[in-house]
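A.B. asks: Quick one: sequence plus predicted model below, questions after.
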Amino acid sequence: MSDGEISRVEHAIEVDAPASDVYRLLTEVENWPRLFHPTIHVQHVERGEHTERIRIWATANGEAKSWTSRRELHPEQLRIDFRQEVSAPPVAAMGGAWIIEPVSDGTCRVRLLHDYRAVDDEAESLAWIDQAVDRNSRSELAALKANAELLVGSPEDLLLSFQDSVRIDGSAKDVYDFLDQADRWTERLPHVAKVELTEETPGLQLLTMETRAKDGSTHTTTSVRVCFPHERIVYKQTVVPALMTLHTGYWLLEEDDSGVIATSQHTVVVNVENIPAVLGDKAGVADARQYVQGALSANSRATLGHAKAYAERRV
């Protein structure tokens, strides 16, 4: 419904998990890219006992957006109030609350409230926000329910995190430039067959890439990348290969007096349903973990190797 120029909406879901566990998941914003499909990256700007400022990078209606929010944490009431300090157009202002209501010792009801206003109160912009809020709210609540009921862990150990590093006798800037200029990877990286990079907002990239496997086959992925010159590039794949339901990662550059250590990090959740189709009927989760880590590490090490050669040539 609407109250003058302010639109107000509510979404809710029943969760088979204790209310305190659900509240904890919502407070751990560093894990949001793993929990919520639209969220690409979150970092704390300020952090107090019950108040914090966070910057969020996420997709809305297929577009990458970034904003800063202030959150008020109320652990006794199991409530988190949020308000965007710097909104991304067409949003002029937005706030709301997460409210967790215990139903029993092991179940709860989660309510997600939003109030918002469009830039210049334009009807077209308001319709865009209506759609984005509805889509993201349903997605976030469904993801919260799934992860809370799974208690974020898995008996089959589907979550996999690993990294590869290399020392480079060059500058962090040159290494960063190589990683940042992904539109040139087809001429610089043998395992990249095709690439499309768009960057409408500086430092916020949409990357679609066709990658060659060892057997000659190719697969296409789409990632949103958040770039922090000349230190980090954080990304999340929004279109993932068949063996994954989630893939996030980052490139980290740590410079010292003798050069730079470049690290590629991956966090993956294995897609159990697709294991037989990709690896055969006899394959299990352990096989999928080994295959995924082998494939991703091979590409990361290749990219790091070419970045090393590029940066050292420029010394």
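C.D. replies: Received the coordinates, thanks.
A.B. asks: tell me the mean pLDDT over stretch 24-38?
C.D. replies: Across stretch 24-38, pLDDT averages out at 89.
A.B. asks: do the same with stretch 258-269
C.D. replies: pLDDT averaged over stretch 258-269 gives 96.
A.B. asks: Could you do stretch 214-229 as well?
C.D. replies: Stretch 214-229 comes out at a mean pLDDT of 90.
A.B. asks: distance between the ends of stretch 46-64?
C.D. replies: For stretch 46-64, the first and last residues are 23 Å from each other (C-alpha to C-alpha, to the nearest Å).
A.B. asks: got a list of contacts for it?
C.D. replies: With contacts defined as C-beta atoms under 8 Å, 6 or more residues apart in numbering, stretch 46-64 is touched by 29, 32, 36, 38-45, 65-75, 85, 128, 131-132, 135-136, 201, 204, 206, 224, 226, 238. Quick note: C-beta positions are derived from backbone N, CA and C, even for glycine.
A.B. asks: Separate out the buried members of these.
C.D. replies: Among those, those classed as buried by 16 or more other C-beta atoms under 10 Å are 29, 32, 36, 38-42, 65-67, 69-71, 73, 128, 132, 136, 204, 206, 224, 226, 238.
A.B. asks: Could you verify that A146 is part of a strand?
C.D. replies: No - A146 sits outside any strand when classified using DSSP: H, G, I helix; E, B strand; the rest coil, being helix.
A.B. asks: Now do it: how many residues are near it, please.
C.D. replies: A146 has 12 neighbours, counted by other C-beta atoms under 10 Å.
A.B. asks: quick one: pLDDT of it?
C.D. replies: 85.
A.B. asks: With L151 instead?
C.D. replies: 57.
A.B. asks: Now stretch 189-208 - C-alpha only, CSV.
C.D. replies: This file holds the C-alpha atoms of stretch 189-208, laid out as CSV (Å, rounded to 0.1, in the frame of the first residue of the first chain):
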residue,chain,number,x,y,z
LEU,A,189,44.6,-16.0,-21.6
PRO,A,190,44.5,-19.2,-23.7
HIS,A,191,41.7,-20.7,-21.7
VAL,A,192,39.3,-17.7,-22.4
ALA,A,193,37.5,-18.2,-25.7
LYS,A,194,35.1,-15.2,-25.5
VAL,A,195,34.5,-12.4,-23.2
GLU,A,196,32.2,-9.4,-22.8
LEU,A,197,32.8,-6.7,-20.2
THR,A,198,30.5,-3.8,-19.4
GLU,A,199,31.2,-1.1,-16.7
GLU,A,200,28.5,1.5,-16.6
THR,A,201,29.4,2.5,-13.1
PRO,A,202,33.2,2.8,-12.4
GLY,A,203,34.4,-0.1,-10.4
LEU,A,204,31.2,-2.2,-10.9
GLN,A,205,31.6,-4.6,-13.8
LEU,A,206,29.4,-7.2,-15.5
LEU,A,207,31.6,-9.9,-17.0
THR,A,208,30.3,-12.7,-19.3
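A.B. asks: mind listing what's buried in that stretch?
C.D. replies: Going by neighbour count (16+ other C-beta under 10 Å), the buried part of stretch 189-208 is 189, 191-192, 195, 197, 199, 204-208.
A.B. asks: For stretch 67-74, the averaged confidence score.
C.D. replies: So the average pLDDT for stretch 67-74 ends up being 94.
A.B. asks: A88: what secondary structure?
C.D. replies: Applying three-state DSSP: A88 is coil.
A.B. asks: Which element, helix or strand, includes the closest residue to it other than its chain neighbours?
C.D. replies: With C-beta to C-beta, 6 or more residues apart in numbering as the criterion, A88 has its nearest non-adjacent residue at 4.2 Å, and that residue is K65. Taking DSSP states H and E as the definition, K65 sits inside strand 63-74.
A.B. asks: Can you give the strand pairings for the helix or strand where R225 lies, parallel or anti for each?
C.D. replies: Assigned by DSSP H and E, R225 belongs to strand 218-228. Take DSSP bridges as the rule and strand 218-228 pairs in its sheet with strand 204-212 (antiparallel), strand 232-239 (antiparallel).
A.B. asks: got the contact list for the first one?
C.D. replies: Spelled out, it's strand 204-212. Under C-beta under 8 Å, 6+ apart, the answer for strand 204-212 is 57, 64, 66, 182, 185, 190-199, 218-227, 235, 239, 299.
A.B. asks: got it, and stretch 243-257?
C.D. replies: 33-34, 171-172, 175-176, 179, 221, 230-237, 240-241, 260-271, 274-275, 278-279, 288, 291-292.
A.B. asks: By neighbour count, sort out the buried ones in the residues you listed.
C.D. replies: Here, 16+ other C-beta under 10 Å leaves 33-34, 171-172, 175-176, 179, 221, 230, 232-237, 240-241, 260-271, 275, 279, 288, 291-292 buried among the contacts of stretch 243-257.
A.B. asks: Go through the residues you listed and flag which are in strands.
C.D. replies: 221, 232-237, 260-270 (DSSP state E).
A.B. asks: I'd assumed G170 was in contact with R314.
C.D. replies: Yes - with contact defined as C-beta atoms under 8 Å, R314 counts as touching G170 (6.5 Å).
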